[in-house]
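Engineer: Output the structure for:
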Amino acid sequence: MDTEKLRNLHKLKEDGVLSEEEYQAEKKKLLDDPRPTGSVLNATDSRDYSMFIHLSLLLGLVFPWIGLIVPIVLWLVKKEEPFIDQNGRIVANWLISSVIYSIVGLILAAVLVGFFILLALVICHVVFAIIGAMKAKEGVLWHYPLSIKFFKV
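Structural biologist: From the prediction side, this is the model:
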C-alpha cells in the first residue's frame, strides 16, 4: 500500500475534487492492489521479514553472538524497504541498549544487585522480541521500552 497516494487521495476529497463515492472507489483500488509500490517486497512480505528480525533476537538466549549478528544482518540485507529499515533500527537500538545494560548488570553483580538486573534484562529481551514481532506482523512500529535511541526511527 502506498500511503503517499492515499494521503493525496484524501486531500483531493477534502479539497472537493473527488466525491465521497469516487474517493471510496479509488481508496478501495489502492488498498486492494497486491502489487508492490516502488519496492521489491509487498507489504505482507515486509511485515513477515520484520517479524523475523524481531524474533531473531531470541537466538541470543541460546547463542549470544549469533543473537547479536543475525538481527543486524537481516536488517542490512533488506534495508532499502522502509518498514524493514524502521524495524531494524528499533532492534539495533535495543541490541545496543541491552549490551550496555548487561555490562552495568555484570559490574553490579559484585554487590548482588546486578543479578536481578540481568534477570530482568533477559525477561525484557524475550517479552520485547515477541511483542515487537507481533506488532511488526500487524504492520505497526513498536519501540521497545527502555531502549536508548541510537538510530533515529
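Engineer: mind showing which ranges of this protein have poor pLDDT?
Structural biologist: 1-2, 33-41 (pLDDT under 70).
Engineer: quick one, what contacts the residue nearest in space to the middle of it?
Structural biologist: Note on the chain: the residue nearest the mean C-alpha position is residue 87, at 2.4 Å, using Cα atoms, centre = their mean. Residue 87 makes contacts with 50, 53-54, 75, 132, 136, 141, as judged by Cβ atoms under 8 Å, 6 or more residues apart in numbering. The way it works is simple: take the backbone N, C-alpha and C, and place the C-beta from them, glycine included.
Engineer: Let me see the domain layout of this protein.
Structural biologist: 3-32, 43-138 (automatic domain parsing).
Engineer: Quick check: end-to-end length of the first one?
Structural biologist: If I follow you right, that is domain 3-32. The first and final residues of domain 3-32 sit 13 Å from each other (Cα to Cα, to the nearest Å).
Engineer: Just the buried positions in that domain, please.
Structural biologist: The neighbour-count check on domain 3-32 (16 or more other Cβ atoms under 10 Å) flags 9, 13, 18, 23, 26-27 as buried.
Engineer: Export the residues you listed as CSV, with columns for distance to residue 99 and secondary structure.
Structural biologist: As requested, the buried residues of domain 3-32 are arranged in CSV below (distance: Cβ to Cβ, whole Å; DSSP: H, G, I helix; E, B strand; the rest coil):
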residue, distance to residue 99, secondary structure
9, 44, helix
13, 48, helix
18, 51, coil
23, 49, helix
26, 48, helix
27, 44, helix
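Engineer: mind listing what the nearest residue to residue 84 once chain neighbours are set aside touches?
Structural biologist: Once flanking residues are discounted, residue 84 sits nearest to residue 78: 4.6 Å by Cβ to Cβ, 6 or more residues apart in numbering. Contacts for residue 78 (Cβ under 8 Å, 6+ apart) come out as 41, 46, 49, 84-85, 88.
Engineer: tell me which of the contacts of residue 87 is nearest to residue 124?
Structural biologist: residue 132 (11.3 Å; Cβ to Cβ).
Engineer: if I look at residue 19, how far off is residue 26?
Structural biologist: Residue 19 sits 11 Å away from residue 26, going by Cβ to Cβ, to the nearest Å.
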